[in-house]
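*Asks:* here is my input, please return the structure:
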Amino acid sequence: VLAEGDMESVDGLAVDWVSGNVFWTNGGETSGTIEVVDSKGTARKIIVSDSLEKPRAIALDPVVGHVYWTDWGSNNSGIERVDMDGTNRERLITEDIVWPNGLVLDTINRAMYWTEANRDYIGKATMMGDNVEKIVATKVYQPFSITLVDDRVLLWSDWGTNAIETVSLSNLTDRSSVLNNFKRLMTIHHYDHRTQTGSNGCANDNFGCSHLCLMTPHSGPICSCKTHLQLVDNKNCAEDPCLTNNGNCSHTCTLSETGVKCTCPDLYMLDADGVTCRASEKSLLISSHAFIYRVTLDTPTPQVSYLDYNSISYSLALGYDSKNERVIYRDSKAGIVSVSLDGQDVQQLNDDWEAFSITVDNIAGNLYWVRRNLVKVSRVNGYHIRTLYTGFSDSTVTDIVVYPQKHYLFWTVKRETTGFVVRGALDASETVVIDQLPLKPTGIAIDHRDDRVYYVDLLNREHILISMNMDGTDRQKLYQDTQHMFVDLAIDEGTLYWTRVSMTTSTPQSCPGLLNRKI
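*Replies:* Residues are numbered from 1 along each chain as shown. Below you'll find the predicted structure:
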């Protein structure tokens, strides 16, 4: 017995005459597998399990390293092939094919033939899936299995005639019935050692593999292991300790030449114990066109990942609702959108697609944003929208930040020839201009540690980082750059972060650069 158990409907079976491995199709009610076992029955492995409905016939090209099969499932009917190790899967025949029952390869002439029991024909194509044709399409009633004799004659079983039918490949009108009165004959094969020619790297001592040797077209012979074993040195298989309590790893366990190795997903870091992954608790969010990125601040090296939000058309303004763990951003089509960190719950808060900057009061649960010359507010759920501030008609509010602990709002305003920085109460009353020197201010942030305001000003193509007290005193120029345009600022525990894009290229960078500086 080579293999037993976990089989529902084994419709197809094929032997690799070079390595001795046996391949088969295992069909089920809704899914199936393509499997292999060595000639001793000691190493069994599934090589294909995804997107299989009802796999049936199977055929091999051992010299090259391909497995071919048919699938007659309603959503996946066709002929496919894959490397013998289960990689590089290809769909070859998908049109005008519904019930492909039988399949045979002519490896000498590089052709394949199949039976089609719904459209009632015998098909032919190259083994690449090209030059598809129906070579027999009359007096075919319900063809099932098919085989080839001496690369000259095709034989197939026909459930409609209860016979084995033949046709000469040199003269397709030369047809006959050789055996009759066989009801529902399932499988026919013709074996001839003259057609089983050629060799591969698995022929020589199994390529030194302790278990399975599988031929592949591009990598040659490779060693593989049965289920529950792990390849440890490209040749030998060993018990996988990751299968026992996940190797004590809290997340991902892999087996290396030195033993168990625990690794962590994005936004996690590995603790000193070498097995526990700890979630990053501090990170930056960065919007860039159709993506929102997250950059960790408390991992040994910053880790960058993008949040999988498929609904973004073009993001610009960005905020974070820490109470509800939701990202709030302005979408160029949908307006202001709130989305959970996992991207599963998306809510449109309003249709203001012109919002330019967003900030969230995570104490009171209010959302502030600016558009044109306005400062607006609502609850973080989008309710109770109000306009708090209306500037000069020729002015634009370029950025806004809230400091709820001090009950302040700060925003930057630019006009045609000048600009200023404004401080106001949380309802935008009691406004005070704290800086009238900037030309084109933007990118404002607050250092909660020292109660200082930071912003960016564009002056004669120089982007300048400026710092001052919350009343505008002690104004300092910290940094300037003539090659890049500063986009936005953020501050965390004494470190200032900013994004920038190049001013020397014709188009902005797709992902702005991120810099930091101790303050």
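
*Asks:* in this structure residue 207 contacts residue 215, no?
*Replies:* No - counting by C-beta atoms under 8 Å, residue 207 sits too far from residue 215 to count as a contact (9.1 Å). Bear in mind the C-beta positions are built from the backbone N, C-alpha and C, glycine included.

*Asks:* between those two, who's got more neighbours?
*Replies:* Higher neighbour count among residue 207 and residue 215: residue 215, with 28 against 19, using other C-beta atoms under 10 Å.

*Asks:* compute the distance between the more buried one and residue 150, please.
*Replies:* Using C-beta to C-beta, to the nearest Å, residue 215 is found at 25 Å from residue 150.

*Asks:* ok, now residue 143?
*Replies:* As judged by C-beta to C-beta, residue 143 and residue 150 stand 20 Å apart.

*Asks:* the two - which one has more neighbours?
*Replies:* Higher neighbour count among residue 143 and residue 150: residue 143, with 26 against 11, using other C-beta under 10 Å.

*Asks:* what sits opposite the more buried one in the beta ladder?
*Replies:* residue 158 (DSSP bridges).

*Asks:* residues in contact with it?
*Replies:* Shown in contact with residue 143 (C-beta atoms under 8 Å, 6 or more residues apart in numbering): 101-102, 115-117, 120-122, 156-159, 165.

*Asks:* quick check on residue 207: phi, psi?
*Replies:* phi 60, psi 20 (degrees, to the nearest 10).

*Asks:* from residue 48, how far off is it?
*Replies:* When residue 207 is compared with residue 48 (using C-beta to C-beta), they lie 22 Å apart.

*Asks:* in the sheet, who's paired with residue 357?
*Replies:* Assigned bridge partners for residue 357, using DSSP bridges, are residue 370.

*Asks:* just list the residues touching it, thanks.
*Replies:* Contacts for residue 357 (C-beta under 8 Å, 6+ apart) come out as 317, 369-370, 397-400.

*Asks:* report pLDDT for it.
*Replies:* With respect to pLDDT, residue 357 scores 92.

*Asks:* with the one 4 residues further on instead?
*Replies:* Note for residue 361: predicted pLDDT of 97.

*Asks:* that one and residue 368 touch, don't they?
*Replies:* Yes - the criterion here is C-beta under 8 Å, and residue 361 meets it with residue 368 at 7.0 Å.

*Asks:* shared neighbours, these two?
*Replies:* residue 402.

*Asks:* of the two, give the one with the bigger neighbour count.
*Replies:* More crowded of residue 361 and residue 368, by other C-beta under 10 Å: residue 368, with 23 against 19.

*Asks:* what's residue 243 sitting at in phi/psi?
*Replies:* phi -80, psi -10.

*Asks:* how much space between it and residue 329?
*Replies:* On the measure of C-beta to C-beta, residue 243 and residue 329 end up 42 Å apart.

*Asks:* who has more neighbours out of those two?
*Replies:* Neighbours of residue 243 and residue 329, each counted by other C-beta under 10 Å, are more numerous for residue 329; the result is 24 against 14.

*Asks:* ok, and the more buried one, which helix or strand is that part of?
*Replies:* Element membership of residue 329, judged by DSSP states H and E, is strand 326-331.

*Asks:* which neighbouring elements make contact with the very next helix or strand once past that strand?
*Replies:* Next in sequence after strand 326-331, counting helices and strands by DSSP H and E, comes strand 335-340. Under the contact definition 3 or more C-beta pairs under 8 Å, 6 or more residues apart in numbering; DSSP states H and E, strand 335-340 sits against strand 326-331, strand 346-350.

*Asks:* contacts only, for residue 422.
*Replies:* Applying C-beta under 8 Å, 6+ apart to residue 422 gives the contacts 410-413, 431-434.

*Asks:* do residue 80 as well
*Replies:* 68-69, 71, 89-92.

*Asks:* beta partners of it?
*Replies:* Listed beta-bridge partners, residue 80: residue 69, residue 91 (assigned using DSSP bridges).

*Asks:* show me where pLDDT drops low in the stretch 201-350 of the chain?
*Replies:* Within the stretch 201-350 of the chain, the stretches falling below the threshold (pLDDT under 70) are 257, 266-267, 308, 310-311.

*Asks:* skipping its backbone neighbours, what lies nearest residue 294 in space?
*Replies:* residue 283 (5.1 Å; C-beta to C-beta, 6 or more residues apart in numbering).

*Asks:* number of nearby residues for that neighbour?
*Replies:* With other C-beta under 10 Å as criterion, residue 283 counts 21.

*Asks:* any idea what it is bridged to?
*Replies:* When assigned by DSSP bridges, residue 283 has beta-bridge partners residue 296.

*Asks:* again with residue 496
*Replies:* residue 491, residue 517.

*Asks:* that one touches residue 453, doesn't it?
*Replies:* No - counting by C-beta under 8 Å, residue 496 stays clear of residue 453, with 11.8 Å between them.

*Asks:* would you mind confirming that residue 437 is in contact with residue 475?
*Replies:* Yes - taking contacts as C-beta under 8 Å, residue 437 lies within contact range of residue 475: 7.3 Å.

*Asks:* if we can go back for a sec, hmm, which two among the contacts of residue 80 are most spread apart?
*Replies:* For the contacts of residue 80, the maximum inter-member distance is 13.1 Å, found between 71 and 90 (C-beta to C-beta).

*Asks:* of those two, which one has the most company?
*Replies:* Remark: of residue 71 and residue 90, residue 71 carries more neighbours, 24 against 13, as counted by other C-beta under 10 Å.

*Asks:* separation between the residue nearest to that one when sequence neighbours are not counted and residue 399?
*Replies:* Of all residues not flanking residue 71 in the chain, residue 55 sits nearest, at 5.0 Å (C-beta to C-beta, 6+ apart). Distance, residue 55 to residue 399, by C-beta to C-beta: 59 Å.

*Asks:* what do you get for residue 193?
*Replies:* Distance of residue 193 to residue 399, computed by C-beta to C-beta: 80 Å.

*Asks:* residue 25 now?
*Replies:* Distance from residue 25 to residue 399, by C-beta to C-beta: 62 Å.

*Asks:* and residue 259, by the same measure?
*Replies:* Residue 259 sits 52 Å away from residue 399, taking C-beta to C-beta as the criterion.

*Asks:* these two - which one has more neighbours?
*Replies:* Shown here are residue 259 and residue 399; by other C-beta under 10 Å, residue 399 has more neighbours (25 against 9).

*Asks:* show me what contacts the more buried one?
*Replies:* Residue 399 neighbours (C-beta under 8 Å, 6+ apart): 356-357, 370, 411-412, 441-444, 455, 488.

*Asks:* tell me the SS of it?
*Replies:* Classification of residue 399 by DSSP: H, G, I helix; E, B strand; the rest coil places it in strand.

*Asks:* please name the bridge partners of it.
*Replies:* Applying DSSP bridges, one finds that residue 399 bridges with residue 412.

*Asks:* can you check residue 213 too?
*Replies:* The partner residues for residue 213, given DSSP bridges, come to residue 223.

*Asks:* thought it was touching residue 19?
*Replies:* Yes - applying C-beta under 8 Å as the test, residue 213 and residue 19 come out as touching, 5.5 Å apart.

*Asks:* the more surrounded of these two?
*Replies:* Ranked by neighbour count (other C-beta under 10 Å), residue 213 and residue 19 place residue 213 first, with 29 against 25.

*Asks:* what's near enough to touch that one?
*Replies:* 19, 21, 201-202, 206-207, 221-224.

*Asks:* at 7 Å what do you get?
*Replies:* Residues counted as contacts of residue 213 (C-beta atoms under 7 Å, 6 or more residues apart in numbering) are 19, 202, 206-207, 221, 223.

*Asks:* how far away is residue 138 from residue 12?
*Replies:* Distance, residue 138 to residue 12, by C-beta to C-beta: 27 Å.

*Asks:* before we move on, what about residue 292?
*Replies:* For residue 292, the distance to residue 12 (C-beta to C-beta) stands at 47 Å.

*Asks:* more neighbours, those two?
*Replies:* Neighbours of residue 292 and residue 12, each counted by other C-beta under 10 Å, are more numerous for residue 12; the result is 24 against 20.
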